[in-house]
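A.B. asks: Next comes the sequence, and after it the predicted model I'd like to discuss.
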Amino acid sequence: MNIHAGIGYEDQWFYSGGQKLRGRFFGTYTRPRAVAVLHGATGVPQRYYAKFARWLAEARNIACLTYDYRDFASSARGPMKTSTATMADWGVHDQQAARDHLRGLVEEVPLWVIGHSLGGMMLPFQKDLDQIDRVIAIASGPAHVAGHPYPYKLYAAAYWYAVGPPATYLAGYMPGKRLGFGNDIPAGVFWQWRRWCTKRGFFAGDIGAQLPMPDWYGVKAPVKVVAIKDDALIPPKSVWGLMDYYRAADKTQLVVDPDAYDLDGIGHIAPFAEVNRAIWADLIA
């Protein structure tokens with residue numbers, strides 16, 4: 001176990017099918033009161049969540065596993081244009097593998113799932129849901145291009161219709177860095193993500209094909225659904241749509257208002273940024 005900033009951490013390698021994923025386990029000096037797997041948002045590398053994970057371990061005695069999805073960031077193993085990864089691979093198979101790996105690292109303590117955006121909405125398609133003791137879904141929910149507030153709606157429309165498709169065709173992957181749309185992601189992830197966000201049924205059309213049949217009643221652990229008031233990508237109304245994914249769970253809702261914490265803004269990506277550390281305790285309370 002390495003020591004960093006007062007926290008024990010250890011780099012991890014584990015497999016999702018035949019794909020090798022890289023993660024980092026943030027341990028505690030004493031036996032943790034819980035362990036949490038942190039499923040990240042689409043196109044957000046695990047390193048972004050490191051300070052939040054260290055805080056969980058140090059301040060809350062909750063060990064945490066972060067990781068990168070296949071063919072992305074530290075889990076990339078070749079040119080992105082050769083990747084066959086899909087959003088279903090990330091949200092179902094890789095998330096399942098990370099949860100299973102964490103359960104093998106620390107046994108006989110409560111298992112939490114903390115999901116950011118994509119990370120909070122795919123559990124019904126996974127297995128062993130009865131082993132989960134708590135779910136915290138942050139800025140997560142079915143988004144549709146027409147459901148964003150202005151002016152972000154124009155930005156989203158440009159991404160899905162005007163810029164993203166031709167750029168992805170030409171590059172063989174979505175070149176987000178060059179275009180100012182975040183990080184690069186595999187083409188298969190982009191196309192499936194685009195289909196979900198431009199269809200009224202979101203991922204319904206992929207159920208039984210690229211997605212397994214969901215178990216909407218499988219999660220019986222408490223589920224906390226957190227919306228960020230100034231999140232234009234998945235606004236609170238979209239976040240509340242997530243509630244129907246967890247039909248057997250005892251659900252609670254929280255809207256995080258930046259003004260209540262004297263913050264200039266939070267938005268979709270930044271709930272886990274250290275500059276917004278003031279909200280962290282309330283995210284997991």
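C.D. replies: Yes, it's here. Bear in mind that the values here come from a model prediction, so they are computed numbers and not experimental data.
A.B. asks: C-alpha only now, for contacts and for neighbours.
C.D. replies: Will do.
A.B. asks: And residue 267, how close does it get to residue 234?
C.D. replies: For residue 267, the distance to residue 234 (C-alpha to C-alpha, to the nearest Å) stands at 9 Å.
A.B. asks: The two: who's more crowded?
C.D. replies: residue 234 (26 against 18; other C-alpha atoms under 10 Å).
A.B. asks: could you list every residue that touches that one?
C.D. replies: 139-143, 148, 268 (C-alpha atoms under 8 Å, 6 or more residues apart in numbering).
A.B. asks: One more pass at 10 Å, please.
C.D. replies: 117, 138-144, 147-149, 227-228, 240, 267-268 (C-alpha atoms under 10 Å, 6 or more residues apart in numbering).
A.B. asks: just the buried members of the residues you listed?
C.D. replies: Neighbour-count burial (16 or more other C-alpha atoms under 10 Å) applied to the contacts of residue 234 gives 117, 138-144, 147-148, 227-228, 240, 267-268.
A.B. asks: What residues of stretch 30-40 count as buried?
C.D. replies: Buried, per 16+ other C-alpha under 10 Å, within stretch 30-40: 32, 34-40.
A.B. asks: could those go into TSV alongside pLDDT, secondary structure and distance to residue 171?
C.D. replies: Shown next, in TSV, are the buried residues of stretch 30-40 (pLDDT from 0 to 100; DSSP: H, G, I helix; E, B strand; the rest coil; distance: C-alpha to C-alpha, whole Å):
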residue	pLDDT	secondary structure	distance to residue 171
32	93	coil	45
34	96	strand	43
35	97	strand	39
36	98	strand	36
37	98	strand	33
38	98	strand	30
39	98	strand	27
40	98	coil	25
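A.B. asks: who touches the closest residue to residue 131 other than its chain neighbours in this structure?
C.D. replies: Closest residue to residue 131 apart from its sequence neighbours, by C-alpha to C-alpha, 6 or more residues apart in numbering: residue 111 at 7.2 Å. Contact partners of residue 111, counting by C-alpha under 10 Å, 6+ apart, are 33-37, 62-64, 99, 102-103, 131-135.
A.B. asks: okay, now the nearest residue in space to residue 134 that is not next to it in sequence: neighbour count?
C.D. replies: Spatial nearest neighbour of residue 134, excluding adjacent residues (C-alpha to C-alpha, 6+ apart): residue 112 at 4.7 Å. Neighbours of residue 112 under the rule other C-alpha under 10 Å: 24.
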